[in-house]
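In: curious how this folds, go ahead:
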Amino acid sequence: MLSTRTQNPIEVRRSTRTFKETPLPSTAVKKIADYLNDPNKLIGPYGNTIPFDLVTERGTQEKEQLGTYGFIQNAQGYIIGSCTKDSQLLFDYAFVLENIVLYLTALGISTCWLGGRFRKQHAMSRILLADHEIIPAITPIGYAKEKPRLKEQMLRTVLKARKRKPQDQLFFYETFDQPLGARAEDFRQALHYLRIEPSAQNKQPWRLVFNTDLSQVHFFIASSLANHPLYMCEPEYLDIGIAYNHFKAGLEETGLTGKLVIAEPEIQNPHSYIYSTTWQKA
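Out: Predicted coordinates:
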């Protein structure tokens, strides 16, 4: 459980791949089910409602089937959703799933974003999919084991799981040639939350450009894992949705309000970054 009243779940969340064998109590399962059954909790920033299901696993064999080739151990269930490959739907999917992850974190339940390492066909058999829908990502749920397996520790080392790029490589002012520096003090918490978000293979593919008076923040995608055989979609479109989730949470703590608009800036883009969306101050 969260030990500090003021600490945001964003600060507490850790990716967990090794869980205890302890089942989730019925009270926790009910809270999760109630959350997933509340349509107001499932609406993304672009207005899309993204349905998610709680899939509980009844035996070791079933857990391993969905589980991910031994990548996850002892998960007590999975949160699974679906949408098409439309970029705005993927953005909303990630935004909503990250809200679920943070809600679970506040309940003391551990999670791990999985966009690639799960058995797609088995997962697709567990929920009702419409035409052209995919499962972009799932999360196992359960209680984290105190000491992770050696396999998990090695993976975290390889991915440099807690390492983040310096801010002057992520946040910019007017152009990609000019780091943001200390210009946007009111956005400090939002940028901190964004910087510590999880991303596929820890690529941290988001770049933000602030306009002159800080009334607009443009979100760009910096790297691509498109056509990677592990993924059912381009995971960077999920990463940018998680990024906006954390950014928005920081803004809310600071009292800044705004909305998403499509307003691609006319700036030099020497790295051919992909424009995604713009936050515009209210």
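In: buried ones in stretch 134-150?
Out: Buried residues in stretch 134-150, counted by 16 or more other C-beta atoms under 10 Å: 134-145, 148. Using the backbone N, CA and C atoms, a C-beta is placed for each residue, glycine as well.
In: same question, stretch 35-55
Out: Y35, L36, K41, L42, G44, P45, N48, I50, F52, D53, L54, V55.
In: measure it end to end?
Out: 14 Å (C-alpha to C-alpha, to the nearest Å).
In: report the mean per-residue pLDDT for that stretch.
Out: Mean pLDDT, stretch 35-55: 97.
In: do stretch 193-208 as well
Out: For stretch 193-208, the per-residue pLDDT averages 92.
In: tally of neighbours for K163?
Out: By the measure other C-beta atoms under 10 Å, the count of residues near K163 is 8.
In: so it is in contact with S199, correct?
Out: No - judged on C-beta atoms under 8 Å, K163 makes no contact with S199 at a distance of 11.7 Å.
In: got the phi and psi for C83?
Out: phi -170, psi 180 (degrees, to the nearest 10).
In: dump the residue contacts of the closest residue to it other than its chain neighbours.
Out: Once flanking residues are discounted, C83 sits nearest to L89: 4.3 Å by C-beta to C-beta, 6 or more residues apart in numbering. Taking C-beta atoms under 8 Å, 6 or more residues apart in numbering as the contact definition, L89 lies against G44, Y46, N48, I50, C83.
In: secondary structure class for L89?
Out: helix (DSSP: H, G, I helix; E, B strand; the rest coil).
In: still on that earlier bit, from the buried residues of stretch 134-150, which two are the most distant?
Out: I134 and K145 (30.6 Å; C-beta to C-beta).
In: show residues contacting stretch 29-47.
Out: 24, 49-54, 56, 77, 79, 88-89, 91-93, 95-96, 99-100, 103-104, 107, 109, 141, 241, 244, 248, 260.
In: which residues of this structure fall in strands?
Out: 52-56, 77-81, 110-111, 138-142, 171-173, 175-179, 206-210, 216-221, 258-261, 274-281 (DSSP state E).
In: now those strands in CSV, with distance to R17?
Out: Formatted as CSV, those follow (distance: least, C-beta to C-beta, whole Å):
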stretch, distance to R17
strand 52-56, 18
strand 77-81, 13
strand 110-111, 9
strand 138-142, 8
strand 171-173, 30
strand 175-179, 35
strand 206-210, 24
strand 216-221, 26
strand 258-261, 33
strand 274-281, 29
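In: quick one on the thing from earlier: next, format the buried residues of stretch 35-55 as JSON lines and append distance to Q268.
Out: Conversion of those to JSON lines gives the following (distance: C-beta to C-beta, whole Å):
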{"residue": "Y35", "distance to Q268": "44"}
{"residue": "L36", "distance to Q268": "44"}
{"residue": "K41", "distance to Q268": "40"}
{"residue": "L42", "distance to Q268": "39"}
{"residue": "G44", "distance to Q268": "31"}
{"residue": "P45", "distance to Q268": "28"}
{"residue": "N48", "distance to Q268": "32"}
{"residue": "I50", "distance to Q268": "35"}
{"residue": "F52", "distance to Q268": "40"}
{"residue": "D53", "distance to Q268": "45"}
{"residue": "L54", "distance to Q268": "47"}
{"residue": "V55", "distance to Q268": "47"}
